[in-house]
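Student: Attaching a predicted model along with its sequence, questions to come.
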Amino acid sequence: MISLKTPVSEAPKISKRIIPALKRLGITTIRDLLFHFPSRYEEFPETQAIADVAAGERATITGAVQKIAERRTARGLRMAEATVADDSGAINVIWFNQPFLARTLKEGDTLRLSGKVSRGLRGMSLQNPLYEKFQNPKSKIQNPSSIHTAGLVPIYPETEGITSRWIRFLIKTYLPLAGALADPLPPETRDRHNLPEVKMALRHIHFPESQEQAADAERRFIFEELLLVQLRALRERSRIRQRIAPAIPFDIELIKSFVASLPFHLTDAQRRAIWEIGRDLAKPQPMNRLLDGDVGSGKTVVAAAAALLAARAGYRVAFMAPTEILARQHYATISRVLAPFHVSIGIITGSEKKRVTAHTIIVGTHALIQKNTRLENLGLVVVDEQHRFGVAQRAALLKQNTLSPHFLSMTATPIPRTLALTIYGDLDLSVLDSMPASRKPVITRIIPPAKRNDAYQFIREEARHGRQVFVICPRIEIENKTGQERAPSIRKPSQQKLLLADVKTVTEEHRKLSEDIFPDLKIAMLHGRMKAKQKEAVMHAFHDRETDILVSTSIVEVGVDIPNATVMMIEGAERFGLAQLHQFRGRVGRGEHQSYCFLFPTEDGFVSQRLRAMVDATNGFELAEKDLAIRGPGDMFGTEQWGDTGIAFKGLSDPAMVRDVRAAAVELAKKSPDLSAYPGILLRLQELEKNLHME
């Protein structure tokens, strides 16, 4: 008997050849299929006469196929071409890259077609329209079970081997099984927030009769998944409060000495963050705090102050970074600012596994949590770019100690407050929202193709004055080879393919700059396929001013501190998100000289909304708000750890919804702390946490 738990591989009407494609979309059961939501809807008008269609408009027509055949264009592109007619006239219909339709559709078939009308040398035509056969060719009554044409047509996330048409058919086939779904949301929560019941919401999100109906259904699922995220955060906070941590005294005099020893003045935001962290460390419950600060706002110095407090109290500190380059930078900074206090500091990375048990503060990469490394008597863990470490990786450090160490996470990606409180709802938040007075804003310019040579000349002048330059190569985008218009594909190219593509791009750019543009300058390159020692040698040479220009992939996004670098040149800049562009820009402007960021669009000179925002905003938090509005939080942070659908991210742009969900979560947790009174919610939460721990 077919049920929601039935694997798609065992379900009738699901071809074995599309099972791998469904799996790539995360669809392994019938329930997964029903919760694979549309990314958008195409809206088409009701049926009209062929004689009434107009070029440039969307149209829906019904007619008989008079002739259909496969042919090739002058460039060799295969296509199906048909003539479809009704009582008012005929129209040409073309399906590019779909020659199989010349065999699927027959002369005499009655079709309903929805698409955009074009005018060419041969008159009006419909190009790549959605189509649907009439079940009763003699009837002119619209098919009530229509799902592919007319009205709102759902367009789904796809992957190679399966189209939205296939997905619509499968969902329509198995949607009746949703009648067996129990709604996890309590009735009082649905009523208070005007949310439809789950069965109705599923019907309306897949096959809505109006945009309003679709929006209401989507809102219900956004609310549910945000609620799960908030409840998980509340449960995690509760678990943390039950643990015992070492109470590290907040030694005010020690901190005053530390601040006085620095060769620069702390910002008010840094002082506030140190105060918040110091108070947390003094408690017998583990600190779980996120330090969110813009590029160059001084997070490492704040973390060093916390590390000094723990070290002087007799506890060990682990300082984890996602890359060797970043780990070495932190090691150098911490060693420098803590030198007056004679703290023993060591470093351990994948390529440098020295014995570190004698050190009090240990800086490193993932190597810190390998089986052969034990960090006992751990009082504080600092994790930089914490979203790059999985749950299991962070938990590994906790298992080695009787007491739970305090946790300080850091991120250089400024996050809008509403977003931070949701994504990192289990952490307390400290924000570094001001920059050191000595830091000059980086002048940012969009360089159109006509001005490229002028920019090159400026770069040469900077090099002649002893300055250095970063050149970032564009991110590679693996295109869909089918040629069909699709919703964004969930399928990700393999890491190997991306690395190979990146190497090719960097190599080509390095050759062009070395041979054609700057043959008089010393140019190095950096990419992900280089061995750790090679990367280190390249970075050391650049740091020591042995090279003028460094051509690199996005590997330099974080963790590179070259005070003498004054120009950041980004090729294909529109291919990066605002947060990443801002990280690149933060690699310059670290010294005494004025610095510049040059954004090079692709050769067509297209200037996106993101690039204009980069020029207008110098503050990272302002930029983060713009990024949230432009791209949405799903693109900013990914969706891998957000329940079934990742749809929750759409709600993070709505502060009112976030507040409502937060209030609902607090109310449910207050009424039933273990959520046993809400078995549906508890089951969904357990599934979410299980998936998180499998990441």
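Tutor: Now that the structure is in, tell me what you want to look at.
Student: Low-confidence bits of the stretch 551-695 of the chain, can you list those?
Tutor: Residues of the stretch 551-695 of the chain that meet the criterion pLDDT under 70 lie in 557-560, 603-607, 628-646, 649, 691-695.
Student: can you give me the helices for it?
Tutor: 578-585, 609-616, 620-631, 633-637, 655-671, 679-694 (DSSP state H, counting those that start in this stretch).
Student: Select, out of those, the one closest to G108.
Tutor: helix 633-637 (45.9 Å; Cβ to Cβ). Where C-beta positions appear, they are placed from N, C-alpha and C, glycine not excepted.
Student: In TSV, list the helices of the stretch 551-695 of the chain along with mean neighbour count.
Tutor: Output for the helices of the stretch 551-695 of the chain, formatted as TSV (neighbours: other Cβ atoms under 10 Å):
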stretch	mean neighbour count
helix 578-585	24
helix 609-616	17
helix 620-631	20
helix 633-637	19
helix 655-671	16
helix 679-694	15
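Student: in the stretch 351-500 of the chain, what spans have low per-residue confidence?
Tutor: 351-358, 371-372, 386-401, 416-419, 421-424, 475-500.
Student: For it, just list every one of the strands.
Tutor: 361-364, 378-384, 406-411, 428-432, 443-446, 468-472 (DSSP state E, counting those that start in this stretch).
Student: Same check on the stretch 201-350 of the chain?
Tutor: So, for the stretch 201-350 of the chain - with DSSP E, counting those that start in this stretch - the strands run 288-293, 316-320, 345-348.
Student: Quickly run through the sheet partners of the second one, with directions.
Tutor: Here strand 316-320 is paired, per DSSP bridges, with strand 361-364 (parallel), strand 378-384 (parallel).
Student: same deal with the first one?
Tutor: Note on strand 288-293: by DSSP bridges, its sheet partners are strand 406-411 (parallel), strand 428-432 (parallel).
Student: C-alpha coordinates for stretch 426-444, CSV please?
Tutor: In CSV, the C-alpha atoms belonging to stretch 426-444 read as follows (Å, rounded to 0.1, in the frame of the first residue of the first chain):
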residue,chain,number,x,y,z
ASP,A,426,21.0,29.9,20.7
LEU,A,427,23.9,32.4,21.1
ASP,A,428,24.1,35.7,22.8
LEU,A,429,25.2,38.5,20.5
SER,A,430,27.9,41.1,20.7
VAL,A,431,28.2,43.5,17.7
LEU,A,432,31.3,45.5,16.7
ASP,A,433,29.5,48.1,14.7
SER,A,434,32.2,50.8,14.6
MET,A,435,35.6,50.9,13.0
PRO,A,436,39.0,52.0,14.4
ALA,A,437,39.6,55.7,13.7
SER,A,438,42.8,55.0,11.9
ARG,A,439,41.0,52.8,9.2
LYS,A,440,40.4,54.8,6.0
PRO,A,441,37.3,53.9,4.0
VAL,A,442,38.2,52.0,0.8
ILE,A,443,37.3,53.9,-2.4
THR,A,444,35.2,51.6,-4.5
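Student: quick one, what contacts N288?
Tutor: By Cβ atoms under 8 Å, 6 or more residues apart in numbering, N288 lies in contact with R237, I240, H406, F407, D426, L427, D428.
Student: quick one: contacts for T110?
Tutor: With Cβ under 8 Å, 6+ apart, T110 has these contacts: T62, G63, A64, V65, K133, F134, P137.
Student: Rank those residues by pLDDT and give me only the lowest.
Tutor: When the contacts of T110 are compared on pLDDT, P137 comes out lowest, with 51.
Student: Export the helices of the stretch 551-695 of the chain as CSV, with columns for distance to E57.
Tutor: Formatted as CSV, the helices of the stretch 551-695 of the chain follow (distance: least, Cβ to Cβ, whole Å):
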stretch, distance to E57
helix 578-585, 35
helix 609-616, 27
helix 620-631, 29
helix 633-637, 31
helix 655-671, 35
helix 679-694, 44
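Student: Select, out of these, the one closest to R72.
Tutor: Going by Cβ to Cβ, the one of these nearest R72 is helix 633-637, 37.8 Å.
Student: On the three-state scheme, E509 is what?
Tutor: helix (DSSP: H, G, I helix; E, B strand; the rest coil).
Student: mind checking pLDDT for it?
Tutor: pLDDT, E509: 91.
Student: Please parse this structure into its domains.
Tutor: The record's domain parsing of the chain by automatic domain parsing lists 42-155, 208-439+641-695, 443-478+492-617.
Student: show me the contacts for the nearest residue to T413 once chain neighbours are set aside.
Tutor: Nearest residue to T413, sequence neighbours excluded (Cβ to Cβ, 6 or more residues apart in numbering): A579, at 5.1 Å. Contacts for A579 (Cβ under 8 Å, 6+ apart) come out as T413, P414, L623, A624, D627, M636.
Student: Next, count neighbours for the residue lying closest to A180 once chain neighbours are set aside.
Tutor: With Cβ to Cβ, 6+ apart as the measure, L4 is the residue that lies nearest to A180, at 6.2 Å, once sequence neighbours are left out. Here the number of neighbours of L4 (other Cβ atoms under 10 Å) works out to 17.
Student: Also the one 3 residues further on?
Tutor: Taking other Cβ under 10 Å as the neighbour definition, P7 ends up with a count of 12.
Student: Give me the pLDDT for N288.
Tutor: 89.
Student: now D548
Tutor: In this prediction D548 is given a pLDDT of 96.
Student: And it, how close does it get to Y456?
Tutor: 13 Å (Cβ to Cβ, to the nearest Å).
Student: list residues touching both of the two?
Tutor: F518.
Student: more neighbours, the two?
Tutor: D548 (21 against 17).
Student: how near is the more buried one to F470?
Tutor: Taking Cβ to Cβ as the measure, D548 and F470 are separated by 11 Å.
Student: can you state the direction angle for the top helix by length along the chain and strand 406-411?
Tutor: The longest helix of the chain (DSSP state H) is helix 211-242. Relative orientation of helix 211-242 versus strand 406-411 (axes from the mean of the first three to the mean of the last three Cα atoms, to 10 degrees): 140 degrees.
Student: hmm, back to that, now list the buried members of the contacts of N288.
Tutor: I240, H406, F407, D426, L427 (16 or more other Cβ atoms under 10 Å).
Student: ok, of these, which one's closest to I252?
Tutor: Nearest member of the buried ones among the contacts of N288 to I252, counting by Cβ to Cβ, is H406, at 18.0 Å.
Student: check contacts around F407.
Tutor: Counted by Cβ under 8 Å, 6+ apart, F407 has contacts P286, M287, N288, R289, L380, V381, V383, R394.
Student: Please save the CA atoms from stretch 106-119 in CSV.
Tutor: Taking Å, rounded to 0.1, in the frame of the first residue of the first chain, the C-alpha atoms of stretch 106-119 are listed here in CSV:
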residue,chain,number,x,y,z
LYS,A,106,1.0,13.6,-33.3
GLU,A,107,-0.9,15.4,-36.1
GLY,A,108,-4.5,15.7,-35.0
ASP,A,109,-3.7,16.0,-31.3
THR,A,110,-5.6,18.8,-29.6
LEU,A,111,-3.3,20.9,-27.4
ARG,A,112,-3.5,23.7,-25.0
LEU,A,113,-0.3,25.8,-25.2
SER,A,114,0.9,28.6,-22.8
GLY,A,115,3.9,30.8,-23.6
LYS,A,116,5.2,34.0,-24.9
VAL,A,117,4.3,35.1,-28.4
SER,A,118,7.1,36.3,-30.7
ARG,A,119,7.0,37.8,-34.2
